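>>> Build me a structure from this.
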Amino acid sequence: MGILHDDVVIITEPEKEGDPSVITINCPDKTGLGCDLCRIILFFGLSIVRGDVSTDGKWCFLVFWVVGNPGTRWGLLKKRLMETCPSFSSASGISYYRHELQSPKTPDVFLLKFCCYDRKGILHDVTGVLCELELTIKKVKVSTTPDGKVMDLFFVTDTRELLHTNKRKDEVSDHLKAATGNAMISCDIEMVGPEITACSQSSSFLPSVLMEDMFHLEMPDELPSGLVTSSCVSVNMDNSLSPGHTLVQIMCKDHKGLLYDIMRTLKDYNIQISYGRFSSKQRRNCEIDLFIVQADGKKIVDPSKQNALKSRLQMELLRPLRVAVVSKGPDTELLVANPVELSGKGRPLVFHDITLALKMSNTGIFSAKIGRHLVKDREWEVYRVLLDEGDGLPVPRNKIEEGVWKMLMGWE
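So this is what the prediction gives:
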């Protein structure tokens with residue numbers, strides 16, 4: 001089957017202000033494609049307010065209505081979405097898709113060492129530049145010296161695969177200089193080997209409060225009091241309406257990355273969506289209908305499998321991220337955690353939103369770390385931010401926790 005290269009992804013911008021843009025994708029299907037596409041849309045700061053998905057298992061057609069970032073670089077978004085679709089070869093201006101024959105190349109990791117004079121919000125300014133330049137932060141270590149300087153160590157990968165060139169390094173340095181002004185002291189970028197990356201892995205130690213309350217993947221009988229969660233989530237399954245599919249009906253409150261959270265959960269369970277419809281109603285209420293099958297092409301009839309998937313979806317939509325402010329000796333630490341996809345990909349823009357929320361609440365950051373931890377046979381990305389309490393916290397702990405949670409959920 002042939003299809004014109006430019007017709008794989010079509011983006012239609014709205015005719016009048018306030019209406020959503022429409023992204024149409026028409027390409028061969030592959031396992032987890034919906035998840036990967038939603039992840040890119042989330043990375044570009046856009047929210048999906050409506051969606052339609054259909055596939056016969058070989059070819060798929062997806063339409064997303066999106067709103068959000070007024071500065072969206074639509075051409076770059078189209079390029080990234082096309083790269084995610086199954087690869088193609090060209091002949092006479094027509095692109096013919098083929099299934100992936102090789103595993104994707106592991107991206108090179110670079111260490112970006114950024115030194116600057118401290119000021120409120122500077123870590124968010126730096127993080128915003130890295131996101132804008134499509135540098136994915138894998139790990140970070142931020143520390144403040146007694147003389148008011150900050151040393152940021154970012155382990156990053158480059159979506160554009162150009163960070164080994166002097167031109168790309170200069171581009172990063174120039175953008176950081178423009179964002180931080182006279183506060184910038186130095187910026188160095190070097191490629192690091194796997195042995196350096198391995199040495200940067202986090203220790204296995206985590207506070208006991210995290211182990212007890214934050215790392216549940218399935219719904220407990222009762223959520224502990226005091227936890228920040230979304231409002232009520234309803235997940236129902238029905239095998240009577242389709243001879244070949246299980247219908248999953250979800251009703252919940254909308255949040256940033258909602259469709260991504262559903263798609264990544266189904267991807268982890270190796271579930272195929274044959275047809276799906278998503279819509280966001282008034283007051284952020286969402287309705288999702290999904291006709292799904294297992295990897296073997298059959299509906300889900302085993303009650304234990306139904307209950308496991310239902311429980312996991314409920315938990316992921318109630319608490320797609322885990323947020324807590326805890327005591328660390330005499331200090332106060334902000335902890336944020338999210339499950340990593342089985343493919344190894346983390347959630348986009350988490351560190352960006354954490355630093356923005358703290359900047360908006362005028363809360364300083366003394367140090368910060370990002371690491372991955374294996375808990376209960378599942379990998380988690382954990383963000384640990386030691387708050388600067390030099391003159392006392394500007395807002396109560398519960399307000400900091402609430403502010404970060406709302407920013408991450410898109411309810412700010």
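>>> Going by C-alpha atoms from here, please, whenever you check contacts or count neighbours.
Fine.
>>> Report how many residues lie close to residue 85.
Using other C-alpha atoms under 10 Å, residue 85 has 24 other residues around it.
>>> Disregarding flanking residues, what is the spatial nearest neighbour of it?
residue 27 (6.8 Å; C-alpha to C-alpha, 6 or more residues apart in numbering).
>>> Next up, the contacts around the one you found.
Contacts for residue 27 (C-alpha atoms under 8 Å, 6 or more residues apart in numbering) come out as 8, 59, 60, 61, 85, 86, 97.
>>> give me the beta-bridge partners of it?
For residue 27, the beta-bridge partners are residue 60 (DSSP bridges).
>>> Let me know the pLDDT of it.
Reported pLDDT at residue 27 in the predicted model: 93.
>>> One more: residue 6?
Model confidence at residue 6 (pLDDT) stands at 63.
>>> can you give me the helices in the chain?
Ranges of helices in the chain, per DSSP state H, are 33-43, 74-84, 122-132, 166-180, 194-199, 208-213, 258-268, 303-318, 350-360, 397-409.
>>> between those, which gets nearest to residue 233?
Set against residue 233 and scored by C-alpha to C-alpha, those come closest in helix 303-318, at 6.1 Å.
>>> and the angle for that closest one with helix 258-268?
Angle, helix 303-318 to helix 258-268, by axes from the mean of the first three to the mean of the last three C-alpha atoms, to 10 degrees: 150 degrees.
>>> Next, the buried residues of helix 303-318.
Buried residues in helix 303-318, counted by 16 or more other C-alpha atoms under 10 Å: 306, 309, 310, 311, 312, 313, 314, 315, 316, 317, 318.
>>> hmm, back to that, put together CSV for the helices of the chain, with distance to residue 245 and mean pLDDT on each row.
As requested, the helices of the chain are arranged in CSV below (distance: least, C-alpha to C-alpha, whole Å; pLDDT from 0 to 100):
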stretch, distance to residue 245, mean pLDDT
helix 33-43, 18, 96
helix 74-84, 27, 94
helix 122-132, 39, 95
helix 166-180, 49, 97
helix 194-199, 44, 56
helix 208-213, 35, 59
helix 258-268, 14, 96
helix 303-318, 13, 94
helix 350-360, 35, 96
helix 397-409, 31, 94
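>>> rewinding a little: which one of the contacts of residue 27 sits in the busiest neighbourhood?
Ranked by neighbour count (other C-alpha under 10 Å), the contacts of residue 27 have residue 85 at the top, with 24 neighbours.
>>> show me the contacts for it.
By C-alpha under 8 Å, 6+ apart, the contact list for residue 85 reads 27, 28, 33.
>>> Can you tell me which of those residues comes closest to residue 373?
The closest of the contacts of residue 85 to residue 373 turns out to be residue 33 (C-alpha to C-alpha; 26.1 Å).
>>> List the buried residues for stretch 124-142?
Those buried within stretch 124-142 under the rule 16+ other C-alpha under 10 Å are 124-131, 133-142.
>>> ok, now stretch 327-336?
For stretch 327-336, by 16+ other C-alpha under 10 Å, it's 332, 333, 334, 335, 336.
>>> Return the subset of these lying in strands.
Counted as lying in strands by DSSP state E, out of these, are 332, 333, 334, 335, 336.
>>> Look up the pLDDT of residue 248 for me, please.
Note for residue 248: predicted pLDDT of 98.
>>> whoops, I mixed them up, residue 100
So, for residue 100, pLDDT stands at 47.
>>> ditto for residue 219
Looking at residue 219, its pLDDT stands at 61.
>>> do residue 103 as well
On the pLDDT scale, residue 103 gets 57.
>>> And for residue 191?
95.
>>> And it, how far from residue 152?
Distance, residue 191 to residue 152, by C-alpha to C-alpha, to the nearest Å: 16 Å.
>>> Among the two, which residue is more densely surrounded?
Higher neighbour count among residue 191 and residue 152: residue 152, with 23 against 15, using other C-alpha under 10 Å.
>>> how far away is the more buried one from residue 119?
Remark: distance between residue 152 and residue 119 (C-alpha to C-alpha) = 13 Å.
>>> repeat for residue 74
33 Å.
>>> now residue 33
The gap separating residue 33 from residue 119 is 41 Å, by C-alpha to C-alpha.
>>> likewise residue 22?
Look at residue 22 and residue 119: by C-alpha to C-alpha, they are 40 Å apart.
>>> same check, this time on residue 49
Distance from residue 49 to residue 119, by C-alpha to C-alpha: 37 Å.
>>> What of residue 353?
Distance, residue 353 to residue 119, by C-alpha to C-alpha: 18 Å.
>>> who has more neighbours, these two?
Neighbours per residue (other C-alpha under 10 Å) separate residue 353 from residue 119, with residue 353 holding more: 21 against 14.
>>> Help me confirm that the more buried one comes into contact with residue 409.
No: applying C-alpha atoms under 8 Å as the test, residue 353 and residue 409 come out as separate, 9.4 Å apart.
>>> give the contact list for residue 258.
By C-alpha under 8 Å, 6+ apart, the residues touching residue 258 are residue 317.
>>> And it, how far from residue 144?
35 Å.
>>> Now the phi/psi pair for residue 244, please.
Per-residue torsions, residue 244: phi -120, psi 0 (degrees, to the nearest 10).
>>> count of residues packed around the nearest residue to it once chain neighbours are set aside?
Sequence neighbours aside, residue 299 is the residue nearest to residue 244 in space, at 5.9 Å (criterion: C-alpha to C-alpha, 6+ apart). If you count neighbours by other C-alpha under 10 Å, residue 299 ends up with 20.
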